[in-house]
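1. Everything below, folded, please.
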Amino acid sequence: MTPRRADLALWPGPQCHASLSTPMRTLLASSFLIVLASLGAWPVCAQGRDSEEALRRYAAGRLLEEQGARSEALEEYYRALSLEPQAIDIACRISEVSAHMGDPGRSLEFADRALAIQADHPRALWLKGTALLNLGREREALAPLMAAAEADSERVEYFRTLARAAERLDRFDLVLRCYQRVIWLDDTDGEAWFQLAAAQARLGRFGAADTSLVTAVHLNPLRPGLFFLRGWVSENMGRTEQAQAEFRQHLEIHPGDQGVRRRLVFLLARSKHYAEAAAEAEILADSRPDDLEARQMQAELLFEAGKTSQAMQVLDRLRRERPDDPDVISIRVGLQARHGRSRAAVQEAERWLKENPDELRALLLAARARELNGDLEIATAHLEAAVAQAPDSIAPRVLLARVHETSNKLAASEAVWEEAVARFPGHDGLAFDLAMCREKMGDLAGAEAAVRDVLAREPDNATALNFLGYLFADHNRNLDEAVDLIRRALVVDPDNGAFLDSLGWAYYRLGRLGDARDALERAIRVSPGDAVIHEHLGDVYKDMQLNDLARDQYRLSLSSDQSNDRVKQKLSRMR
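-> Numbers count the residues shown, from 1 in each chain. Prediction:
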């Protein structure tokens, strides 16, 4: 037990230390020893003269430590330990004082010395873990910290330090358990409630985080970061306007937090508040002059807000600042093509192609502009020229196949995909594109064959396993095999939200609604805000006659994808 400061208030403070004579310090140390003994705060030592001297040295060290003279205290502790080398409390004290003095190496040395005396000593284990953590050796720190918390589950500091180590290792499940224990020990700890909510949010448990935040706000309403966390939780609970308000409050306090500003921009854009989003994007872009993506986002939002002239001013400014930058030309062409200026986009792209006829990127950009303008034949000609110009490049073939699909020439698209797969056999994504093309053609056997070719080379390819499993589930065939395939994918990547969604959908097709619900609820925790997962979970709830829950999921799906007419119809039929 460590003496409380109130117990030591009668001892001279640091300002008196230098003026004390040696006899007086000895007298005070002896008196201090009596206090330590009465509090049970002295080390266990053997009997005898050396033991008495060790205790006096230890008491003197504690007195010096209380007075702020840590270096002198350490000297006394060293002398005490040399007299009683098996005194574990003295070794721990040296370790702890060393840590306070910013010397984790020495702290680790004496924690190990204490553990050599008693391998399961809780405080020595905690001191060792803390020293390793401060040395940046988080993985090594985890075991002694967990052992300390298990050996003495009443010490809040053990669980806090373990939580710090777990957070650095992205072990948010362990972080959550640590703060649950801290709250059990002291349910008025506002910081612990905040950290618990943060861990729950990181694990996708936004409902639980929302509940924890209520207490956190009550106990510490001014805690830094509170508005951001509330905004993040509100965003994932589908409370978009509340999330926007909370992100704005966070930015009033931390105007330089551009990560939160970017999040606010996306939320405003999703709600179609384009003018407000553009204003925030301008602040973001001004803070990052070299960030082309931020300027592109600003211009895009101005176009969406109907402020075409302002959007063009942004694009013209980019051209003046970077007249020969291909990325700027690509941004200008792409944005104009998507926002009612496709003819101007084509002219700019074709002009750049004329100036750079041997530039592959110019051909691809001109093809993209032509495609967006509806000039699919010219786009196809450009891409065929690009394939001829760069036969060992994947991009022209991919774009050509997709233009054929846009033109509803699925057989031509399939031929391009087949040639690409044969030419680049190591690129599994091409096989998946071929499979999707064949699925659109109604050739499910051909789609299956394309994916099985990947699995023949890579039996544990999680993406291929999930792809084939979902293909089966979506078409309501080979459902038992679909479950087996997806489970194998989850062995490789157990926290993949898409894989969990596939498993839930396969269970749903089998009529195993309880299993489907479990898988899809976990998928939502892992991948919050995914429109497809929300829709699938809504279907499960609807079939389980949980209509209120189903409606909530359909609304959440639409909040992420407002263009999905299928979900709109499902929601309309439930009203």
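2. can you list the weak-confidence ranges in the stretch 451-575 of the chain?
-> Across the stretch 451-575 of the chain, the ranges flagged by pLDDT under 70 are 575.
3. residue ranges for the strands of it, please.
-> When assigned using DSSP state E, counting those that start in this stretch, the stretch 451-575 of the chain turns out to have no strands.
4. ranges for the helices of it?
-> 462-474, 479-492, 497-510, 513-526, 531-543, 547-560, 565-573 (DSSP state H, counting those that start in this stretch).
5. Could you say which of those helices is packed most deeply?
-> helix 497-510 (a mean of 25; mean count of other C-beta atoms under 10 Å). C-beta here means a position set from N, CA and C on the backbone, and glycine is covered the same way.
6. so how far is it from its chain's centroid?
-> 24 Å (C-alpha atoms, centre = their mean, to the nearest Å).
7. Give me the contacts around it.
-> By C-beta atoms under 8 Å, 6 or more residues apart in numbering, the surrounding residues in contact with helix 497-510 are 462, 466, 469-470, 472-474, 476, 479-480, 482-483, 486-487, 489-490, 493, 513, 515-520, 522-524, 526-527, 530, 532-533, 536-537, 539-540, 543.
8. in the protein, which residue is closest to the centre?
-> In the chain, the C-alpha nearest the mean C-alpha coordinate belongs to residue 202, at 6.5 Å (C-alpha atoms, centre = their mean).
9. Pull the number of nearby residues for the nearest residue to it once chain neighbours are set aside.
-> In space, and not counting its chain neighbours, residue 202 is closest to residue 172: 4.4 Å by C-beta to C-beta, 6 or more residues apart in numbering. Neighbour count for residue 172, taken as other C-beta atoms under 10 Å: 19.
10. so residue 172 makes contact with residue 205?
-> No. Taking contacts as C-beta atoms under 8 Å, residue 172 lies outside contact range of residue 205: 9.8 Å.
11. Any chance of TSV for the helices of the stretch 451-575 of the chain, columns distance to residue 219?
-> Listed next are the helices of the stretch 451-575 of the chain as TSV, based on distance: least, C-beta to C-beta, whole Å:
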stretch	distance to residue 219
helix 462-474	43
helix 479-492	39
helix 497-510	33
helix 513-526	26
helix 531-543	33
helix 547-560	29
helix 565-573	39
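12. out of the ones you listed, nearest to residue 269?
-> When the helices of the stretch 451-575 of the chain are compared by C-beta to C-beta, helix 547-560 sits nearest residue 269, at 12.4 Å.
13. helices and strands around the closest one, which ones?
-> Helices and strands touching helix 547-560, by 3 or more C-beta pairs under 8 Å, 6 or more residues apart in numbering; DSSP states H and E, are helix 531-543, helix 565-573.
14. thinking again about what came up before, gap between the residue nearest to the centre of the chain and residue 173?
-> Note on residue 202: its distance to residue 173, by C-beta to C-beta, to the nearest Å, is 9 Å.
15. quick one on the thing from earlier: list just the one of the helices and strands packed on helix 547-560 that sits closest to residue 376.
-> Once these are compared by C-beta to C-beta, helix 565-573 is nearest, at 25.4 Å.
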